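Novice: Kindly return the folded structure for what I paste below:
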Amino acid sequence: MSKPRVACQPIIFGRDYGLARMLKAMADAGYDGVEIGHQGSPEKNAELCRLLDENGLAVAGAHTSYGRLDGIDAQLDFLNSVGAELLMVSGVAERDKAAGYASGAKALNEAGRRAADTGVTLCYHNHSWEFHNRFDEGSGMDILLRDLDPECVRLCVDVYWVHDGGLDPAEYLARWQDHVATVHLKDRKNDTFAEVGEGVIDFPAIFRVLKPMNLPWVITEQDRTDKDPAVSIKMSRDYLRDVIGV
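Specialist: As a prediction, this is how the structure comes out:
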């Protein structure tokens with residue numbers, strides 16, 4: 001069974017860290033790639049590609065929001081240009097209504113078909129509100145999983161938010177493994193975000209489930225840190241290499 005490559009989602013760096021400095025920190029920490037998308041212009045995309053090549057990093061995928069689904073063509077074109085195959089999307093239009101999840105699934109399916117036509121897999125990225133918001137039909141996530149077409153929309157399972165939603169991440173991944181395309185990894189400590197391996201989430205159990213799935217990428221995504229982000233991402237990468245073996 002092949003090991004997944006490990007990428008880093010750059011949200012932890014905020015807005016002011018600088019692209020060159022950020023990508024070098026990821027490379028120095030031992031990451032194989034980054035989750036990053038279209039930079040807004042051909043010139044900025046060219047600079048990103050130069051820095052990726054300089055640091056030996058691949059693009060694992062990109063992230064967009066539900067409200068930007070109508071404009072995903074630029075993301076799809078970019079992902080194709082760099083050989084990436086995952087586009088993460090989060091949210092629905094009205095998350096406090098059951099109908100919002102049903103209509104959201106329809107829009108996601110349509111976008112997923114567009115993505116699939118270009119060789120990109122659209123992945124729904126969960127938070128915890130999909131599990132907390134409950135209706136006669138079940139939770140918001142129940143409705144999404146009922147209505148999403150697994151042929152064109154897969155799952156990017158964020159294990160922190162599954163835990164925050166009151167479920168066991170390893171059990172959830174095992175149940176929905178046929179729908180999973182990738183995972184976002186972050187830990188929980190003192191009711192906030194922590195480096196992988198520093199909190200309460202059972203990552204050995206998670207990787208026992210993931211191992212036979214042969215995912216191409218797993219992605220660390222720590223939303224915030226009280227450390228230098230370069231220190232936090234290295235802590236997560238070291239744990240995944242030294243303890244988990246990826």
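
Novice: which element is the residue nearest the centre of the chain on?
Specialist: The chain has His184 as the residue nearest its centroid, 4.5 Å off, counting by Cα atoms, centre = their mean. Here His184, judged by DSSP states H and E, is contained in strand 180-185.

Novice: ok so, going back, dump the residue contacts of the residue nearest to the centre of the chain.
Specialist: If you count contacts by Cβ atoms under 8 Å, 6 or more residues apart in numbering, His184 has them with 9, 125, 156-160, 219-221. For glycine as for every other residue, the C-beta is placed from the backbone atoms N, C-alpha and C.

Novice: which strands and helices sit next to the lengthiest helix in the chain?
Specialist: Criterion DSSP state H: the longest helix present in the chain is helix 98-117. If contacts are counted by 3 or more Cβ pairs under 8 Å, 6 or more residues apart in numbering; DSSP states H and E, helix 98-117 sits against helix 73-82, strand 86-90, strand 121-125, helix 140-147, strand 153-158.

Novice: Rebuild these as JSON lines, extending it with mean neighbour count.
Specialist: Formatted as JSON lines, the helices and strands packed on helix 98-117 follow (neighbours: other Cβ atoms under 10 Å):
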{"stretch": "helix 73-82", "mean neighbour count": "17"}
{"stretch": "strand 86-90", "mean neighbour count": "24"}
{"stretch": "strand 121-125", "mean neighbour count": "24"}
{"stretch": "helix 140-147", "mean neighbour count": "20"}
{"stretch": "strand 153-158", "mean neighbour count": "25"}
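
Novice: Any stretches of this protein with poor pLDDT?
Specialist: 1 (pLDDT under 70).

Novice: And for it, the residue most distant from the center?
Specialist: Farthest-from-centroid check, the chain (Cα atoms, centre = their mean): Asp136, 29.0 Å.

Novice: isn't that one right next to Ala98, touching?
Specialist: Yes - using Cβ atoms under 8 Å, Asp136 makes contact with Ala98 at a distance of 7.1 Å.

Novice: ok and the longest strand along the chain relative to helix 98-117, angle-wise?
Specialist: The longest strand of the chain (DSSP state E) is strand 58-65. Strand 58-65 and helix 98-117 are oriented at 150 degrees to each other (axes from the mean of the first three to the mean of the last three Cα atoms, to 10 degrees).

Novice: Any buried residues in strand 58-65, and which?
Specialist: 58-64 (16 or more other Cβ atoms under 10 Å).

Novice: Alpha carbons of that strand, as PDB, please.
Specialist: Output in PDB follows, covering the C-alpha atoms of strand 58-65 (Å, rounded to 0.1, in the frame of the first residue of the first chain):
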ATOM      1  CA  ALA A  58       3.600  20.200  -5.700                       C
ATOM      2  CA  VAL A  59       0.100  21.500  -5.600                       C
ATOM      3  CA  ALA A  60      -2.300  19.100  -3.900                       C
ATOM      4  CA  GLY A  61      -5.400  21.000  -4.600                       C
ATOM      5  CA  ALA A  62      -7.200  24.300  -4.000                       C
ATOM      6  CA  HIS A  63     -10.000  25.600  -1.800                       C
ATOM      7  CA  THR A  64     -13.000  27.700  -2.700                       C
ATOM      8  CA  SER A  65     -16.300  28.500  -1.100                       C
END
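
Novice: can you tell me how far Val6 sits from Ile233?
Specialist: 10 Å (Cβ to Cβ, to the nearest Å).

Novice: Please apply the same query to Tyr172.
Specialist: For Tyr172, the distance to Ile233 - Cβ to Cβ - is 25 Å.

Novice: Those two: which has the busier surroundings?
Specialist: Ile233 (28 against 22; other Cβ atoms under 10 Å).
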